[in-house]
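# heads up, no residue letters with this:
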Ligand code: CDP
């Protein structure tokens, strides 16, 4: 069967990564979480005095890029690939709220994007990939056969992320998460380089009122139709 490229973009905490992963598993495709790459660069920047509450040393970030090596690896007993930063598994660490607070400023930097987009395009060369992010349908894979743009209300998204972080045992408040989501939405949509936009040919799905199962079925049907050439 012909393999296609599937791009899933949208606002933060819209459930993109969940549905992208489900879809990739079902189709036997590779799933790539592009946000994890921006998060890993952010973690590096936090650990190396490049970004903190009162400091963002953009020149140092640019100089450091050649020392940042990212790789996805999967062990058979993990349900998804983990991201490795310079050989260390940082999959869990990159999900905390502190990384979330610094990631959008880091993702505005052109040189960061050039580096990560090149690596993402490399991973998609053979098709059979589902990638989620902010600029996948517009910049990384403008020729993707299927593009989905996910949205949901900010309240609903914050509620989902809050539940997720509580389950991990993070001590955080709902208000801080909502604020972080709104700030990231703002930075991601207004940045100069590759702002978050719905690609012209993307199909928009608002999943505020959808459960995970319904959402998966909607997206899977679209993928099947696209693969079979029905749409
Ligand atoms: O999972 P969540 O919605 O919190 O976000 P993510 O996919 O982990 O992405 C974290 C941040 O990385 C976003 O808020 C963007 O600032 C940036 N990002 C980006 O600029 N381009 C991408 N393709 C993916 C993420």
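Structure received. From a predicted model like this one, the values you see are computed outputs, not experimental measurements.
# List the residues that contact the nearest residue to residue 72 once chain neighbours are set aside.
Take residue 72 and drop its neighbours on the chain: the residue closest to it by CB to CB, 6 or more residues apart in numbering is residue 81, 4.1 Å away. Glycine gets a C-beta too; all of them are placed from N, C-alpha and C. By CB atoms under 8 Å, 6 or more residues apart in numbering, residue 81 lies in contact with 31, 33, 72, 73, 74.
# For the first one, give its distance to the ligand.
In this view, residue 31 and the ligand are 13 Å apart by CB to the nearest ligand atom, to the nearest Å.
# now the last one
The gap separating residue 74 from the ligand is 18 Å, by CB to the nearest ligand atom.
# Run a quick neighbour tally on that residue.
Neighbours of residue 74 under the rule other CB atoms under 10 Å: 12.
# Take the contacts of residue 81 and keep only those in strands.
Under the assignment DSSP state E, those contribute 31, 33, 72, 73 to strands.
# Buried ones among the contacts of residue 81?
Listed as buried from the contacts of residue 81 are 31, 33, 72; burial here means 16 or more other CB atoms under 10 Å.
# ranges for the strands of the chain?
Counting by DSSP E, the strands of the chain are 5-10, 30-33, 51-52, 55-56, 70-73, 82-85, 88-89, 129-133, 146-151, 203-206.
# Generate a markdown table for the ones you listed, with mean pLDDT and distance to residue 194 as supplementary columns.
Below are the strands of the chain laid out as a markdown table (pLDDT from 0 to 100; distance: least, CB to CB, whole Å):
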| stretch | mean pLDDT | distance to residue 194 |
| --- | --- | --- |
| strand 5-10 | 98 | 10 |
| strand 30-33 | 98 | 16 |
| strand 51-52 | 98 | 20 |
| strand 55-56 | 98 | 19 |
| strand 70-73 | 98 | 18 |
| strand 82-85 | 98 | 20 |
| strand 88-89 | 98 | 28 |
| strand 129-133 | 98 | 10 |
| strand 146-151 | 98 | 14 |
| strand 203-206 | 96 | 19 |
